[in-house]
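[1] Everything below, folded, please.
(3 chains)
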Amino acid sequence: MTEHGDEMYALVERLYPLCRSITGDGVRATLEIVGEYVPLKVHEVPTGTQVLDWTVPQEWNIRDAYIADPAGNRVVDFRASSLHVLGYSVPVSATMPLAELREHLHTLPDHPAWVPYRTSYYQPQWGFCLAQETLDALPDGEYEVCVDSTLTDGHLTYAEHIVPGQIADEVIVSCHVCHPSLANDNMAGVAVATFLARALAEQTPYYTYRFIFAPGTIGAITWLARNAERIDRVKHGLVLACAGDRGHLTYKQSRRGDAEIDRVMRHVLAASERPHRVAEFTPYGYDERQFCSPGFDLGVGSLTRTPYAGYPEYHTSADNLDFVSPEAMADTLAVCREAFAVLDRDRRYLNLSPYGEPQLGRRGLYDSLGGRSDAKQAQMAMLWVLNLSDGEHSLLDVAERSGLPFDTVADAAGALHGAGLIKA
Amino acid sequence: MTEHGDEMYALVERLYPLCRSITGDGVRATLEIVGEYVPLKVHEVPTGTQVLDWTVPQEWNIRDAYIADPAGNRVVDFRASSLHVLGYSVPVSATMPLAELREHLHTLPDHPAWVPYRTSYYQPQWGFCLAQETLDALPDGEYEVCVDSTLTDGHLTYAEHIVPGQIADEVIVSCHVCHPSLANDNMAGVAVATFLARALAEQTPYYTYRFIFAPGTIGAITWLARNAERIDRVKHGLVLACAGDRGHLTYKQSRRGDAEIDRVMRHVLAASERPHRVAEFTPYGYDERQFCSPGFDLGVGSLTRTPYAGYPEYHTSADNLDFVSPEAMADTLAVCREAFAVLDRDRRYLNLSPYGEPQLGRRGLYDSLGGRSDAKQAQMAMLWVLNLSDGEHSLLDVAERSGLPFDTVADAAGALHGAGLIKA
Amino acid sequence: MTEHGDEMYALVERLYPLCRSITGDGVRATLEIVGEYVPLKVHEVPTGTQVLDWTVPQEWNIRDAYIADPAGNRVVDFRASSLHVLGYSVPVSATMPLAELREHLHTLPDHPAWVPYRTSYYQPQWGFCLAQETLDALPDGEYEVCVDSTLTDGHLTYAEHIVPGQIADEVIVSCHVCHPSLANDNMAGVAVATFLARALAEQTPYYTYRFIFAPGTIGAITWLARNAERIDRVKHGLVLACAGDRGHLTYKQSRRGDAEIDRVMRHVLAASERPHRVAEFTPYGYDERQFCSPGFDLGVGSLTRTPYAGYPEYHTSADNLDFVSPEAMADTLAVCREAFAVLDRDRRYLNLSPYGEPQLGRRGLYDSLGGRSDAKQAQMAMLWVLNLSDGEHSLLDVAERSGLPFDTVADAAGALHGAGLIKA
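    Residues are numbered from 1 along each chain as shown, chains lettered A, B, ... in the order given. Below is the predicted model of the structure:
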């Protein structure tokens, strides 16, 4: 199943070159493109706004940046890749010998052909990221350096998209939009989230699904700060990142470890027989750090393929368009849809006829011919739902305890509900 | 140990030929024979009585049934086996070609020599069960069919036998008496229950033991409906079925999974070192389905040898007198007695001298010679009972945590109780 | 690490020859020597004092004891080893044939060269312990027997040493001082306790540590009886015994099994990668029997090397000075210090900024350069402490869940506490 794989890949291709950061026009341009696929409500939060323990920083924008060698050739050029400039670099325009310049250069000696991704959001400095082999080839001499950036009072930008549900309780899907030219981290996550939103809207879901496209850390913190009043509506959530590499899926559990999203994801991944890994929560990684801080402690897990920092290409120029595939993104999307299909149907029912079994036969729900031992799965599912619908067990509990497929159990619950034998 | 094996087998031999169903004279004849072994209180519940979600059906009785071939030979004959007629078959007397007759015939193509057991309690129809090879040998032609049965307002019949105990709290032992000529399912269960009742009466047990001989499903539901007021006296229970085949014992746990009967059965089966299996509860099988429905949720498990539907002979003519053995029934009976011996002695005591150890030596309960490390088991059992008798732990807990035999622990508790050091 | 090994061994050498029992001058002499290392408060409790369910017995003292053969040679001589006399032997002075004498002799037929340790505290009798091979060599004839002992109203003697802490909550360390010439059981335990007390006093610990040197059973019961009012100050404890043999360490858990001392000991033993064993509580062994009786149910475990009765030399003359080693005692001491270092720092903190992560960077607690994935351990430890400091989790919980070393976690908590981000 590679549904929407090519479309998601095409979206990643468009978003990849933009120079994003935690603020600035790169984020706005990204959201504008996403907005062509799903309508977005874009929020602009002014510099200096207090958000929880943090303050919205100045807005950073950049037009150009380069290092020119003594001969005047651009040996490091922002126009070739947005990774070349240290994120949030302060402006600079100067000439200096290589030795002095070196203190502002970041490389990856272990991967000499790759350019690292580095930032300095909260301590003013300037710098460039480049391949070690580029650096090694630089002759001594005077170099011209230029970062044509601005750091000014402005805004932090994030966006939301809502898929309205039958109830106001919410599932949030969050993905960070602050990383520059890195394909897997996180344009693939953005693309999967976008197509997931479209898929969910095909029919009105039970929950209301809220998609959050925001810069990492400060964006999630800003969203939490501005939504404190309504945070108790958030029942479940998923942080999507690294959604397009060719590795196996990894679900990182919420801090609680037994939140419904954790159980649903474990169930769906196991039932699907995909190779996958379920990881314990750690307070590191993506914005599950914020959603799962102890004051909020939301039931929010994180779905990636190869997890955070789990591959050498992570946060380097090797996380490029070759590193992600349409098939991998389609697979991530498919699992999300399967999981939300379960989450959306999972309920606790109450058996209204809990003393003995109700007579299913006269309601047309049971075989009339007795003595056979090969009870149909649908019939077994009804008996299980009746037996466990004591207000303590959800349909997912029934599926796990009975070993029956969740859909069969949910269908059985539907039939019993239709016959007035159980209530939600 | 094959105690009472031959007697139980002889009882099965007498009961086996009778044509039982969920109502009718076959059940009455069965209970009459059982009543020769243990006194029974027989209950007759009128057709139409509302019992929980169900209604007591019409009473079914049958005198004869057969299929005669074009030459007038009885090729399928109820007098040869009560399995040949579809249970609750409506009367019929007709002549019809084989093609039309086929729609009323039930066979087992995978076991062509065996006759299946089939019923249609709640949807009026007539039918015959026969061996596939019998069917295959029938020539085309006109067949005479006759089911000389009646379906009339009457009664549902079940019986109880009580072994009075020291307290009014009850243990129920239930077995179904509705299956026709099937030996293991459930005449073996009936026989084991009968001899278990006799064994328990040898000395007054702690609990009151109530034996229920009733048709499956509707019988248990009827009993539950008529005993709703006193159901909270039922502390433990066991459904006995398939008690005589040569397979290993299987204990199917109650819905709760940690009811005392579950723990006792697990303990006794493990301690006895018999090969056995402990199975999780499922809402399918025998009348544990009703006792463990969520409204009642009784601590009732089920003991079988090879479990429900777990053998090819299940619900076929191959479940005959050769399929059960005296030794297997004796073994099932022995385990029931061992389990009830534990259940009957299991108590929570309270250490009346809980601060430090009481001085057992001056009460004659401890070796006077110190320094030896080979404390006797009885002495260790006393220390364990004292240490764990905090109101939270039962003697079974003590046995399991200490690794000591339950009897040693119970004897130690008796000695400590006699010395006034613990109270129940 | 063999710190203090030789000093502890030298202490064992001094204590070993003394004839100790549950009362008497041997205990006093033992405590006098220990008092040279750490100041002791010695308690004398009069004969006849009611202590819980027990009564302090008469005081036993002994000057000499021997068996002389027909030729007048001392063939069993108390002066050679205090084990030769049955502990609490009543006085005797008589001549009798070997046959009559035999009833008062204790040997170990399976270890013919070893002398057993035997006592009779609560039933008046006299006796001798000797090697089987000594007994086998005795010719028939008249033997002179002499036990020059006294049993008189006197006192039971025990001692305490306190290491004052920052809070009044206590950790108790208990070791029995009633065994005569047995090196591992328990002069090694006494020596380790003594040097542990000295080590703890090097800097004021968090808890107050109370060391109890008392005779087994009756001594612990006496201490408990006399400290009933303040027993709720005892938060944790350790019984030290068999601390010097060459076997692996064994930690026997408290009755609770999940007391903090249990978790700390398991953690420290596992983290240290020493071969070791963690054993379940049993109500047998040393004075954990009393501390863990159900009325007290203290969080007191027991640390030994080879456990109680777990070696053939146990309670025999083969538990001599060769059986214990400086290295083994040093290792036991080291583990105790590691464990108490953890216990002393383990706390539950409350994150004062629990909504989202606090901005560690502006407090100088976080790297300013972003994009790198190799977060330092100290930084990870801070994130973990913040995430789990919800009042439910202790630093040990954080260490175990994060897999980080306890010290790193505790240091991180210190830094966060210093920054005002968490409170105890």
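
[2] roughly how far out does whichever helix or strand A:Val76 is part of sit from the chain middle?
    Assigned by DSSP states H and E, A:Val76 belongs to strand A:74-77. Distance of strand A:74-77 from its chain centroid, counting by Cα atoms, centre = their mean, to the nearest Å, is 33 Å.

[3] Kindly report the same for stretch A:38-48.
    With Cα atoms, centre = their mean, you get 18 Å for stretch A:38-48.

[4] Kindly report the same for stretch A:383-396.
    32 Å.

[5] Okay, now stretch A:385-403: how far is its last residue from its first?
    12 Å (Cα to Cα, to the nearest Å).

[6] Under the pLDDT cut-off, which ranges of the stretch 1-150 of chain A? List them.
    A:1 (pLDDT under 70).

[7] Apply 80 and report the result again.
    Low-confidence segments of the stretch 1-150 of chain A (pLDDT under 80): A:1-2.

[8] Please point out which parts of stretch A:55-72 sit buried.
    For stretch A:55-72, a neighbour-count test (16 or more other Cβ atoms under 10 Å in any protein chain shown) marks A:56-62, A:65-70 as buried. In short, each C-beta sits where N, CA and C put it, glycine included.

[9] Can you pull up the residues of chain A that come close to chain C?
    When proximity is defined as Cβ under 8 Å from any Cβ of the partner chain, chain A approaches chain C at A:52-54, A:87, A:116-123, A:217, A:220-221, A:224-225, A:228, A:255, A:280, A:282-284, A:289-290, A:292-297, A:308-309, A:314-315.

[10] Closest one of the buried residues of stretch A:55-72 to chain B?
    A:Val56 (53.0 Å; Cβ to the nearest Cβ).

[11] where along chain A do the helices fall?
    A:5-15, A:25-34, A:98-102, A:132-136, A:188-200, A:218-226, A:260-271, A:288-291, A:326-345, A:377-388, A:395-402, A:406-418 (DSSP state H).

[12] Using CSV, lay out those helices together with distance to C:Ala131 and mean neighbour count.
    Shown next, in CSV, are the helices of chain A (distance: least, Cβ to Cβ, whole Å; neighbours: other Cβ atoms under 10 Å in any protein chain shown):
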stretch, distance to C:Ala131, mean neighbour count
helix A:5-15, 86, 20
helix A:25-34, 89, 20
helix A:98-102, 82, 14
helix A:132-136, 78, 16
helix A:188-200, 80, 26
helix A:218-226, 78, 24
helix A:260-271, 65, 20
helix A:288-291, 70, 26
helix A:326-345, 75, 22
helix A:377-388, 69, 23
helix A:395-402, 65, 21
helix A:406-418, 74, 20
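
[13] Just send these back as JSON lines, with distance to B:Gln132 too.
    Listed next are these as JSON lines, based on distance: least, Cβ to Cβ, whole Å:
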{"stretch": "helix A:5-15", "distance to B:Gln132": "52"}
{"stretch": "helix A:25-34", "distance to B:Gln132": "66"}
{"stretch": "helix A:98-102", "distance to B:Gln132": "90"}
{"stretch": "helix A:132-136", "distance to B:Gln132": "79"}
{"stretch": "helix A:188-200", "distance to B:Gln132": "51"}
{"stretch": "helix A:218-226", "distance to B:Gln132": "68"}
{"stretch": "helix A:260-271", "distance to B:Gln132": "38"}
{"stretch": "helix A:288-291", "distance to B:Gln132": "61"}
{"stretch": "helix A:326-345", "distance to B:Gln132": "43"}
{"stretch": "helix A:377-388", "distance to B:Gln132": "26"}
{"stretch": "helix A:395-402", "distance to B:Gln132": "33"}
{"stretch": "helix A:406-418", "distance to B:Gln132": "32"}
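
[14] so A:Thr194 makes contact with A:Glu36?
    No - the criterion here is Cβ atoms under 8 Å, and A:Thr194 misses it with A:Glu36 at 9.5 Å.

[15] coming back round to it: now what about the strand holding A:Val76, what contacts it?
    Here strand A:74-77 makes contact (Cβ atoms under 8 Å, 6 or more residues apart in numbering or on different chains) with A:Ala65, A:Tyr66, A:Ile67, A:Ala68, A:Asp69, A:His84, A:Phe128, A:Leu130, A:Thr134, A:Leu138.

[16] which residues touch the third one?
    What it means is A:Ile67. Counted by Cβ under 8 Å, 6+ apart, A:Ile67 has contacts A:Arg74, A:Val75, A:Val76, A:Leu101, A:Phe128, A:Leu130, A:Tyr143, A:Glu144, A:Val145, A:Cys146.

[17] just curious, which of the contacts of strand A:74-77 is nearest to C:Ser325?
    A:Leu130 (61.3 Å; Cβ to Cβ).

[18] Could you report the neighbour count for the closest one?
    23 (other Cβ atoms under 10 Å in any protein chain shown).

[19] before we move on, what about A:Pro97?
    12.

[20] What sits closest to it if chain neighbours are left out?
    A:Glu142 (5.9 Å; Cβ to Cβ, 6 or more residues apart in numbering or on different chains).

[21] and what of A:His4?
    Per Cβ to Cβ, 6+ apart, closest to A:His4 is A:Phe195, 4.8 Å.

[22] So A:Thr406 is in contact with A:Ser394, correct?
    Small correction: residue A:406 is Phe, not Thr. No - taking contacts as Cβ under 8 Å, A:Phe406 lies outside contact range of A:Ser394: 10.3 Å.

[23] between the two, what contacts are shared?
    Overlap between the neighbourhoods of A:Phe406 and A:Ser394 consists of A:Asp346, taking contacts as Cβ under 8 Å, 6+ apart.

[24] quick one, domains of chain A?
    A:5-57+A:155-343, A:59-152, A:348-423 (automatic domain parsing).

[25] Convert stretch A:129-146 to CSV, retaining C-alpha atoms only.
    The C-alpha trace of stretch A:129-146 is given here as CSV (Å, rounded to 0.1, in the frame of the first residue of the first chain):
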residue,chain,number,x,y,z
CYS,A,129,28.4,24.8,8.6
LEU,A,130,30.4,23.0,5.9
ALA,A,131,31.9,19.7,4.8
GLN,A,132,35.1,18.8,6.5
GLU,A,133,36.6,18.1,3.0
THR,A,134,35.6,21.6,1.9
LEU,A,135,37.4,23.0,4.9
ASP,A,136,40.4,20.9,4.4
ALA,A,137,40.8,22.2,0.8
LEU,A,138,40.7,25.9,1.9
PRO,A,139,44.1,27.6,1.4
ASP,A,140,45.4,30.0,4.0
GLY,A,141,44.6,33.6,3.3
GLU,A,142,42.0,36.3,3.9
TYR,A,143,38.4,35.3,3.6
GLU,A,144,35.4,37.4,3.1
VAL,A,145,32.4,36.4,5.3
CYS,A,146,28.9,37.6,5.0
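
[26] Look up the residues forming beta bridges with the residue nearest the centre of chain A.
    Chain A has A:Leu240 as the residue nearest its centroid, 1.4 Å off, counting by Cα atoms, centre = their mean. With DSSP bridges as the criterion, A:Leu240 is bridged to A:Leu303.

[27] show me what contacts it?
    A:173-175, A:186, A:189, A:192-193, A:196, A:302-304, A:332, A:336.

[28] I'd like those residues as JSON lines, with distance to A:His111 and pLDDT appended.
    Converted to JSON lines, those look like this (distance: Cβ to Cβ, whole Å; pLDDT from 0 to 100):
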{"residue": "A:Val173", "distance to A:His111": "32", "pLDDT": "98"}
{"residue": "A:Ser174", "distance to A:His111": "30", "pLDDT": "98"}
{"residue": "A:Cys175", "distance to A:His111": "26", "pLDDT": "98"}
{"residue": "A:Asn186", "distance to A:His111": "20", "pLDDT": "97"}
{"residue": "A:Gly189", "distance to A:His111": "23", "pLDDT": "98"}
{"residue": "A:Val192", "distance to A:His111": "27", "pLDDT": "98"}
{"residue": "A:Ala193", "distance to A:His111": "29", "pLDDT": "98"}
{"residue": "A:Leu196", "distance to A:His111": "33", "pLDDT": "98"}
{"residue": "A:Ser302", "distance to A:His111": "26", "pLDDT": "98"}
{"residue": "A:Leu303", "distance to A:His111": "27", "pLDDT": "98"}
{"residue": "A:Thr304", "distance to A:His111": "21", "pLDDT": "98"}
{"residue": "A:Thr332", "distance to A:His111": "26", "pLDDT": "98"}
{"residue": "A:Cys336", "distance to A:His111": "31", "pLDDT": "98"}
